[in-house]
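> quick one, what's the 3D model for this:
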Amino acid sequence: MPAVSKGDGMRGLAVFISDIRNCKSKEAEIKRINKELANIRSKFKGDKALDGYSKKKYVCKLLFIFLLGHDIDFGHMEAVNLLSSNKYTEKQIGYLFISVLVNSNSDLIRLINNAIKNDLGSRNPTFMNLALHCIANVGSREMAEAFVSDIPRILVAGDTMDSVKQSAALCLLRLNRTSPDLVPMGEWTARVVHLLNDQHLGVVTAATSLITTLAQKSPDDFKTSISLAVTRLSRIVTSACIDLQDYTYYFVAAPWLSVKLLRLLQCYPPPEDAALRSRLTECLETILNKAQEPPKSKKVQHSNAKNAVLFEAISLIIHHDSEPTLLVRACNQLGQFLQHRETNLRYLALESMCTLASSEFSHEAVKTHMETVINALKTERDVSVRQRAVDLLYAMCDRSNSKQIVAEMLSYLENADYSIREEIVLKVAILAEKYAVDYTWYVDTILNLIRIAGDYVSEEVWYRVIQIVINRDDVQGYAAKTVFEALQAPACHENLVKVGGYILGEFGNLIAGDSRSSPLVQFNLLHSKFHLCSVPTRALLLSAYIKFINLFPEVKGTIQEVLRSDSQLRNADVELQQRAVEYLRLSCIASTDILATVLEEMPPFPERESSILAKLKKKKGSMNVPDIDDSRKNMNGNGHVEHNNNIEEPSEAPAQSPASVVAALIPTNRPRPTSSSPIIPSSGIMPASHPFTDLLNLNSPPATGGGSLLVDVFSDFPGQAPAPPAAAATAEVSEDNFLRFVCKNNGVLFENQLLQIGLKSEYRQNLGRMYVFYGNKTSAQFLSFTLPQLIVHAKPAEPVIEGGAQMQQIFNMECVSDFSDAPVLQIQFRYGGALQNLAVKLPIMLNKFFQPTEMTSQDFFQRWKQLGAPQQEVQKIFKSQHPMDIDVTKAKIIGFGVALLDGVDPNPTNFVGAGVIHTKSTQVGCLLRLEPNTQAQMYRLTLRTSRDSVSQRLCDLLSEQF
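Next comes the predicted model:
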C-alpha cells in the first residue's frame, strides 16, 4: 500500500471531529453539523473547481457525518469523481464513500461501474484491490452482472499478483452468496482448484473459502480439489511451526487454513484412492496426537487455535464415519473435554459426541462416558451445557441403559430449567416407548412424568399413552390399577386426571373386583377431582361417567343424580351442559342392549409411529431426530378427531340404525382412530326421523295467524318492536367467529371476560330455529339484560342473569327471499354499575337454507349447461389458507349444505355438489365445482345458480373456508 504523505493528514477534518467531540449537547452538535454541511454544499456548488485534496477532505467529512447517524443527500457525484484520481488516498476515500453510502439502485451505478472497470483493467494492484473491495462491499446484482465474468479471469491469470488473487477470490465468494445464479461455471473452475497449490498461503486460504462454497453447489466440478486439499493439509500438519512462520499463530501452523481445508473435505465422501485415504488418515491421526501433547504456550489463543483444528478434524472423522479407530479415538479425546474447566469446550464436546453416538462404530465408546454426562447434568452451571448433556443422554440411550437414563432424566426434571422442561418431557416419553420391553415400566414412567412435570406434558404425550394402553391387552389391568392409585394423591395434575378418567372409563371393570377399587369408589375418586378441572377435562370425565353406567349398572342412580344436578344441567359452558343433558337422557331411555352397543370398549388404534417424534423434531429444528410420518390427526378436548380448527361437521346425518345413531351422538372420551369417517356429528343433534331426537321440534308445522313465531328477519317487519336504546347501537359489531359458522351450526359465537354466547341451530328448507345461550362468566349479576326484538321468540329474555348462570333464548326464522347481510344481535346489560354494549353478527347465512340434491352425472352436466348464461356463473381462483386435506374439504362442502356428488366429475380430484336454496317465494338451484391444485396450493371455485346475486354470495362464503 502506498505511503501516506504528511499533506494527506486533512487538518480540517481533524478540527471538525474535535469540534464535534467538544459539543456539550445534542443541539450544539446538530448546529455544528448543519454549519459544516452548509459550508460543504457551498464549496461543491461554487464556481471555483476544487482540487482533489479538498474533494477528499469534504467527502471524508460527509462520511463522518453519516456515521454519526445523519442523512446525507449530496456529495455522491464528488465521491464518484474521486475514483478517477491517480492518487491512492483520493481513490481510497471515493471507494469508501461509495461502499458505505451509495444504494444499489442509485442512478450513479453506471458511472461507478465504468470507474471500477477502468481500475480492474489498469493492472495496478493497488487500484485493482480497491475496485474488488468495492464490488464485494456493495455486492449488488447490477455489479455482479457487470463484473462476474471479469473477476474469474483476473483470479486465474498467471500474471496477477498474490494480493489481487486474494481479493478476487473473496470478491467472487461474496457475489456467489448474493447472486449465485449469475456466477458461471466454466473452464476457470479447473484452474481455480490449482490455487490450492499456490506458494502464497493467503491465496490458498481465500481460494479454499471460495472452492468450499462452490463445491456445495456443484460438487462434481471441484472433485479434483480433494487430492490437492489432502496434500496441502498434510504439508501443514507435518510441518514445524518455524516452516510457516508468517502463518503460525501462537505455535499452531496456519490454523485458519487447516480448518478451511478440513471443511472443504467434508463436502465429499472419503477418498476412493487408497493412498490418498491413507494420507488423510495420517493427517487426522497427527492432529489427534498433537492434541495430546503438552501445550507450548499457556496463552488462551494457543489452546483456542489448537482446539479449533481438532474439532474440525473430529467433524471430518464423523462425516466420513468409515474409520472405527479414528472414531473411537475422537470419542476418547472428546471425553477428556467433558470435565475441562472451559465451558465452551465442554459444550462443543457434548455436541460432537451427540453426533458420534449415532455411529455404529463409536456408539459403545460414547456409552462409556455416561456417568460423566450424568454428573454434568447434575452439576453444570450453564443451562446450555446441561441441555447438550440431555441431548447426549438421549442419543446414547439403548435397551441396555434405557432405564437408568430415563430415571436420571426424570430425576433431573424436578429441578430442570423451565426453558428445557418440555423438551426433556418429550425425550423421556420417546425413550420410554421406544425401549419398553415391559410395558408396566412404560406406564409407571409416563405417570411419574406427569406427576413431576404435568404442566409441560403436551397432549401428544398423554394421547400416546392412551393409544398404547388401548392397543395392548396385557397392560390394561395394570394401567387401570396404577392410575387408580395415582389419583388417590391429595393433589393430582389435570393431565393425570385425563389419563385416569380415560383408562378407568374403558377398563375400570378390570379392577372392580377388589373392594378397595369398587365401582362406587372409582366414581367417587374421579368425581372428587371434577370441580378442580378445566372444561375440556370435565367434558372427558362426563364421558367416563356414562361409560361407568354401562360397565357398572349398580352406580347408575348415583351418576344420574350427578348429571341431573343444577351445576350440570345449567352449566354456563354449552358443551358441558349439552353432554350432561344428552348423557342423562340416554341413560334413562336407552335399553341395556343399546347402551352396551353405544358404550362398548373402543377398538384398537391403527398402528402408526409416534407423533411425539415429530413434535420434538419441530421443536429442535435441525436436530438429529428420525423422520416420521405424522399421520395422526390432532385431537381436541372433546375426544373427537379435529381435522381443522375452523370446521365442525354438519348436524345433518344420513339415516342410521338407532344404535349407530346414538353411537354417533355420544362424544366419547376416546380419541377416534383416523380410519373413521371424516364426518362425525359433534353437535349432539340427531336426525329428526327419530321420535326423541327432534330437539328443535322442526317437524311440527309452523303456527299460523297472529300468534306466528316465524318472522322475516331479513326485511323490514311492520309489527316488530322498536330497536334497543341508541347507546347499544354504538357498539362495534363483532364478527370474529362469524365465518366459522359457514359450514357448521353449533359452537361458541362470542366470548370475552364477562359473557359467552353459544349457538345451537337447525334448518329445514326455508325455516330455521336457533338456540342462543348467554353465559355469565363472572360471579356478579347482569342487571337490565335487554335483547332486541328483531327476531320474535317464544319466551322473553329474563332481565337478570345470575353469576355463573346461563340463559337460553330461542329464535325462529323464515327465509323470505335471498339476502346477503346477516342480522346483528344487540345486547345491553349492567355489570358492576357500568353499562355494557355488545353487538354480535348472527351466523344466519344464505347457505343455511340449502337442501342437498342428489344427481347423476348426466343430470348434473345437463343442468350445468342450462345455467350457462354469463350472469349465472361466478368463478374465483384463490390461494389455499389451510392444508389441502381431502377429508376436510369433503366435510366443508357437505357442511356448506350441498350434496357431495362422487364420480360425477371426470377428474377424480375435483369436488362437485348440488343443492336447492329454499325461500318463501321461490327456490334457487345451485351447482358448484371445486378444483384443487395441490402443487400451487390454490383452488378454482365455480358456482352456477339461476340468480347472479346468489352465485356471488355463495362463492364469497365458501371460498373463505379453504
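> can you give me the helices for the stretch 201-350 of the chain?
201-217, 225-237, 255-265, 274-292, 300-320, 324-337, 343-356 (DSSP state H, counting those that start in this stretch).
> just the mean pLDDT for the second one, thanks.
pLDDT averaged over helix 225-237 equals 91, rounded to a whole number.
> tell me what that helix is packed against?
Using 3 or more Cβ pairs under 8 Å, 6 or more residues apart in numbering; DSSP states H and E as the contact test, the elements touching helix 225-237 are helix 201-217, helix 255-265, helix 274-292. Just so you know, the C-beta spots here come from the backbone N, C-alpha and C atoms, and that holds for glycine as well.
> what do you get if the cut-off is 10 Å, keeping everything else the same?
Taking 3 or more Cβ pairs under 10 Å, 6 or more residues apart in numbering; DSSP states H and E as contact, the helices and strands that helix 225-237 lies on are helix 188-193, helix 201-217, strand 252-253, helix 255-265, helix 274-292, helix 300-320.
> ok, the first one next?
Other elements packing on helix 201-217 under the criterion 3+ Cβ pairs under 10 Å, 6+ apart are helix 150-156, helix 162-178, helix 188-193, helix 225-237, helix 255-265.
> of all the ones you listed, which one is nearest Met813?
For Met813, the closest of the helices and strands packed on helix 201-217 is helix 162-178, at 62.1 Å, according to Cβ to Cβ.
> packing partners of the closest one?
In this structure, helix 162-178 makes packing contacts with helix 125-138, helix 141-147, helix 150-156, helix 188-193, helix 201-217, judged by 3+ Cβ pairs under 10 Å, 6+ apart.
> can I get those in a markdown table including mean pLDDT and mean neighbour count?
Converted to a markdown table, the helices and strands packed on helix 162-178 look like this (pLDDT from 0 to 100; neighbours: other Cβ atoms under 10 Å):
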| stretch | mean pLDDT | mean neighbour count |
| --- | --- | --- |
| helix 125-138 | 91 | 22 |
| helix 141-147 | 87 | 18 |
| helix 150-156 | 89 | 20 |
| helix 188-193 | 85 | 18 |
| helix 201-217 | 91 | 21 |
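> put together CSV for the ones you listed, with distance to Phe773 on each row.
Listed next are those as CSV, based on distance: least, Cβ to Cβ, whole Å:
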stretch, distance to Phe773
helix 125-138, 65
helix 141-147, 60
helix 150-156, 73
helix 188-193, 73
helix 201-217, 61
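> so which of those helices comes closest to Val574?
Ranking the helices and strands packed on helix 162-178 by distance to Val574, with Cβ to Cβ as the measure, places helix 201-217 first at 57.0 Å.
> send me that closest one as PDB with only the CA atoms.
As requested, the backbone C-alpha atoms of helix 201-217 are provided in PDB (Å, rounded to 0.1, in the frame of the first residue of the first chain):
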ATOM      1  CA  LEU A 201      -0.800 -19.300   1.800                       C
ATOM      2  CA  GLY A 202      -3.000 -16.200   1.800                       C
ATOM      3  CA  VAL A 203      -4.100 -17.100  -1.800                       C
ATOM      4  CA  VAL A 204      -4.700 -20.700  -0.700                       C
ATOM      5  CA  THR A 205      -6.800 -19.600   2.200                       C
ATOM      6  CA  ALA A 206      -9.000 -17.300   0.100                       C
ATOM      7  CA  ALA A 207      -9.300 -19.900  -2.700                       C
ATOM      8  CA  THR A 208     -10.300 -22.600  -0.200                       C
ATOM      9  CA  SER A 209     -13.200 -20.500   1.100                       C
ATOM     10  CA  LEU A 210     -14.300 -19.900  -2.500                       C
ATOM     11  CA  ILE A 211     -14.000 -23.600  -3.500                       C
ATOM     12  CA  THR A 212     -15.800 -24.800  -0.400                       C
ATOM     13  CA  THR A 213     -18.800 -22.700  -1.300                       C
ATOM     14  CA  LEU A 214     -18.800 -23.500  -5.000                       C
ATOM     15  CA  ALA A 215     -18.300 -27.300  -4.200                       C
ATOM     16  CA  GLN A 216     -21.500 -27.300  -2.200                       C
ATOM     17  CA  LYS A 217     -23.400 -26.000  -5.300                       C
END
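> what residue ranges in the stretch 1-150 of the chain score low on pLDDT?
Residue ranges of the stretch 1-150 of the chain with pLDDT under 70: 1-9, 47, 104-105.
> in it, which spans are strands?
Using DSSP state E, counting those that start in this stretch, no strands are assigned anywhere in the stretch 1-150 of the chain.
> where does the stretch 601-750 of the chain have low pLDDT?
Scanning the stretch 601-750 of the chain for pLDDT under 70 picks out the ranges 607-611, 613-731.
> which of the residues in the strand or helix carrying Tyr939 are buried?
For Tyr939, the element it lies in under DSSP states H and E is strand 938-945. Using 16 or more other Cβ atoms under 10 Å as the burial criterion, the residues of strand 938-945 that qualify are 939, 941-945.
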